[in-house]
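Enquirer: Mind looking at a prediction? Sequence and model below.
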Amino acid sequence: MKRTDPHSIDEIITSMMEQAGMTDEFARRRISYLWAEVVGPAVNRFTARRYVDGTTLHVYITSAALKSELSFLVPRLVDRLNEAVGQIVITDIVIH
């Protein structure tokens, strides 16, 4: 048996996900997960639900005042979330 160079677990998992066609779905789920880290615990406390549909992140906020504040920050949040993932996954955020 021929020995090959060792691969890291990250490389193996990434390769398997690419072969299965799951990289886009993983990136969308990761964006949803990273919402809490990007906006911080104070904003995340008022986040009821979040999910990605296509290239749009939908976020349900329980505070009307916070909804208004976040609507002004949408372009910056889109950039920060995409930067956190390392690729362009979302193009818009809809605050509900």
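Expert: Here it is on my side, so go on.
Enquirer: which SS class is Arg50?
Expert: strand (DSSP: H, G, I helix; E, B strand; the rest coil).
Enquirer: again, but for the one 10 residues further on
Expert: When states are read from three-state DSSP, the local structure at Tyr60 comes out as strand.
Enquirer: What strand or helix carries the spatially most central residue of the chain?
Expert: The centroid of the chain falls nearest to Ile31 when counting by CA atoms, centre = their mean (0.5 Å). Element membership for Ile31 (DSSP states H and E) is helix 23-39.
Enquirer: From the chain's centroid, how far away is the very next helix or strand once past that helix?
Expert: Counting by DSSP H and E, the next helix or strand C-terminal to helix 23-39 is helix 41-44. With CA atoms, centre = their mean, to the nearest Å as the basis, helix 41-44 stands 16 Å off its chain's centre.
Enquirer: now stretch 8-24
Expert: 17 Å.
Enquirer: Burial check on Val78, number of neighbours?
Expert: For Val78, the count of nearby residues is 20 (other CB atoms under 10 Å). No exception for glycine: its C-beta is placed from N, CA and C like everyone else's.
Enquirer: pretty sure it is in a strand, no?
Expert: No - counting by three-state DSSP, Val78 is not part of a strand but helix.
Enquirer: who's in contact with it?
Expert: 57, 90-93 (CB atoms under 8 Å, 6 or more residues apart in numbering).
Enquirer: which of those residues count as buried?
Expert: 57, 90, 93 (16 or more other CB atoms under 10 Å).
Enquirer: element containing the nearest residue to the second one once chain neighbours are set aside, please.
Expert: Counting by CB to CB, 6 or more residues apart in numbering, the nearest residue to Ile90 once its immediate chain neighbours are dropped is Leu57, at 4.9 Å. Leu57 belongs to strand 56-61 when assigned by DSSP H and E.
Enquirer: Going by neighbour count, which residues of the helix or strand following that strand are buried?
Expert: Proceeding N to C from strand 56-61, the next assigned helix or strand is helix 64-72, under DSSP H and E. For helix 64-72, the neighbour count (16+ other CB under 10 Å) marks 66, 70 as buried.
Enquirer: quick thing: my sequence starts at 57, can you match it?
Expert: Got it, the first residue is 57 from now on, which makes the last one we talked about helix 120-128.
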